[in-house]
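**Student:** My questions concern the predicted model and sequence given below.
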Amino acid sequence: MSCLAIAGVSKSFGGLRAVDGVSFAIDDGELVGLIGPNGSGKTTLLNIASGHQPPDTGSVLLDGKPIHGLKPERIAQAGLLRMFQLTRVFRRMSALDNLLTAGRALGLAHAQAAARAGQLLEELALERVRDLDAGQLSGGQQKLLEFGCCFMVPPRIALLDEPFAAVHPAMKEIMAGYVRARHAAGQTFLIVSHDMPVIVELCPRTVCMNAGAVIADEATRAVLSDPVVIEAYLGGEAA
Amino acid sequence: MNRSQHRITTEFWWSLAFLAAIALVPLAVSNPYWLGVLIVSMYFALLAVGWNLLAGYTGQFSLAPACFAMIGAYTTGLLAYHLKVAPWLGIPAAIFVAAVIGMTLGRIVMRLRGPYLALTTLSFAEIMRLVIGNSYEFTRGDLGLNVPGLFEARLAYYYLFLAVLVAVQAGLYVLMRSKAGLYLQAIRDDEVAAASRGVDVVFWKTAAFTLSAAASGLAGALYGHFSQLVSPELGLLLQTGLVICMVVIGGIGSLIGPLVGAFLVYVSSEMLREVGGIQLIVFSLLVIIFARFFREGLWGLAKRVLQRRTA
């Protein structure tokens, strides 16, 4: 049974079919990249999977159980956590409290949450800013903090939407290193990114979307040399 | 103990120290008029503390705190007037009724934010006031209801209000130190993010509305028995305006700010009364200045001074 299965999901906004019959499945322990040009429906798909938008048709299964139509907090509690493209942290709460909130909301007791938060702050090099309000952190630190919130309780699957965009290279390396280490320990990921070198380096398998549909889904190297994918990115007849 | 827990504990102890000072005031002041002013200040402090839970900690800018005080006052007032129910039953009933109506309002405005939430709660408050004012066969309308008092001595009311204030403050402290404190502030900062991290937004927002309304209802019921008259004027928007002034000037989102703000604003409004009707102009200006330049209110300023001393 797949960890996350997306089956025939469609979503229209007015006359625009943002997501058009998308199906793919992610197995336990997989690290899958999701790429595609701007407006190809990646973020909408993530919004559907995490419960922020209902699909018009189709289903989303987590561990075989349907989660489409559930509220975001129920989906989070079921073990699907996400990071947003535009960073969302609790700006007037300290970095530590941001992590504690995520941990307590997923059922950790205070002492457990505090211990776990301390560990994550160290791993993500955020110890020095633990008591600062999240709104005072740099953009990259806020991304790292939001990233950390996804791992207070290791999720069944983490959906990361552009985690590396506009992040200082040193912090990008911290995050990529953390993803690599967690993946080696069996964590399942779906990562949306425009950063092809990172996708190539991290993800063995990549799904490519264009105009709401999946146009390629195979080993990352193969996807990136697929003429259909190149055409979607560059337009017209690619050489 | 981490820094935010430390901060809230500090605020709590300062607020207890402040209330202890208030407890000593009757040693120096025996004038019943000024004791009455302080009792009304404590009534407003209860409203301010309750509204701060909703607006300051949870980010839900409701314009109905005075309305819930009116609901609480009328609950115990009507029970006493029509059914001769004793205050010791009427006051808990007031808390309950205000809480249930607060919960309902919370569910109705669940998806509204910012000005939309403010306007909806405002219209709710005005509708309630008009309904109570116009149902004169049942409520005696603008004439108001005569309600039995609780004590003979003004001083007894004084310490009753003070005890209730200490209890509410302690309850709020326990709440904000628990995971609920984290969830409420998370909802204030970013509802979408809170939900996506597993916080049950609907439940906790409803809880904040319910608790805040319950505190206001309690305040209103006590005030009704103190003044022995319950009228729709309790629910005037003006009263809500005063509560907002108190919280913003004192320091929104802190345990002590609303408390200090309530006493400062109400006592000085009594002093300005002789100057003639300019209180609201003064307070409105202060609110604009504080909201624009001193977001953390007087408590924020005091903290800065204290930190500079120790640094």
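**Tutor:** Here it is on my side, so go on.
**Student:** In contact with the spatially most central residue of chain A, which residues are there?
**Tutor:** Taking Cα atoms, centre = their mean, the centroid of chain A lies closest to A:L160, which sits 1.7 Å from it. Contact analysis of A:L160 by Cβ atoms under 8 Å, 6 or more residues apart in numbering or on different chains lists A:R82, A:M83, A:F147, A:C150, A:V179, A:F189, A:L190, A:I191, A:V192, A:S193. Heads up, the C-betas are built off the backbone N, CA and C, glycines and all.
**Student:** correct me, but the first one touches A:F147?
**Tutor:** No: when contacts are counted by Cβ atoms under 8 Å, A:R82 is not listed as touching A:F147 (10.8 Å).
**Student:** Against B:F61, how distant is B:G297?
**Tutor:** To B:F61, B:G297 is 16 Å away according to Cβ to Cβ, to the nearest Å.
**Student:** Which of the two has more residues huddled nearby?
**Tutor:** Counting neighbours by other Cβ atoms under 10 Å in any protein chain shown for B:G297 and for B:F61 shows that B:G297 has the greater number, 27 against 16.
**Student:** Give me the contacts around the longest helix along chain A.
**Tutor:** If each helix of chain A is counted by residues according to DSSP state H, the longest one is helix A:169-184. Counting by Cβ under 8 Å, 6+ apart, the neighbours of helix A:169-184 from elsewhere in the structure are A:29, A:31, A:123-125, A:140-141, A:143-144, A:147, A:151, A:154, A:160, A:163-164, A:167, A:189, A:191, A:198, A:201-202.
**Student:** Residue ranges in the stretch 151-300 of chain B under the pLDDT threshold?
**Tutor:** Screening the stretch 151-300 of chain B residue by residue with the criterion pLDDT under 70, one finds no matching range.
**Student:** Name the residues of it found near chain A, please.
**Tutor:** The interface of the stretch 151-300 of chain B toward chain A, taken as Cβ under 8 Å from any Cβ of the partner chain, is made up of B:179, B:182-183, B:185-186, B:188-190, B:192-202, B:253.
**Student:** Quick one: mean pLDDT over the one helix or strand B:I8 maps to.
**Tutor:** Here B:I8 sits within helix B:3-28, counting by DSSP states H and E. Helix B:3-28 shows a mean pLDDT of 94.
**Student:** Please report how far B:V243 lies from B:A156.
**Tutor:** Applying Cβ to Cβ, one obtains 25 Å for the distance of B:V243 from B:A156.
**Student:** what does A:V223 give?
**Tutor:** A:V223 sits 79 Å away from B:A156, taking Cβ to Cβ as the criterion.
**Student:** helices or strands up against the helix or strand of chain A with the lowest mean pLDDT?
**Tutor:** When the helices and strands of chain A are compared on mean pLDDT, DSSP states H and E, helix A:227-234 comes out lowest with a mean of 86. For helix A:227-234, the packing partners by 3 or more Cβ pairs under 8 Å, 6 or more residues apart in numbering or on different chains; DSSP states H and E come out as strand A:205-210, strand A:213-219.
**Student:** tell me the angle of that helix relative to strand A:213-219?
**Tutor:** When axes from the mean of the first three to the mean of the last three Cα atoms, to 10 degrees is applied, the directions of helix A:227-234 and strand A:213-219 differ by 120 degrees.
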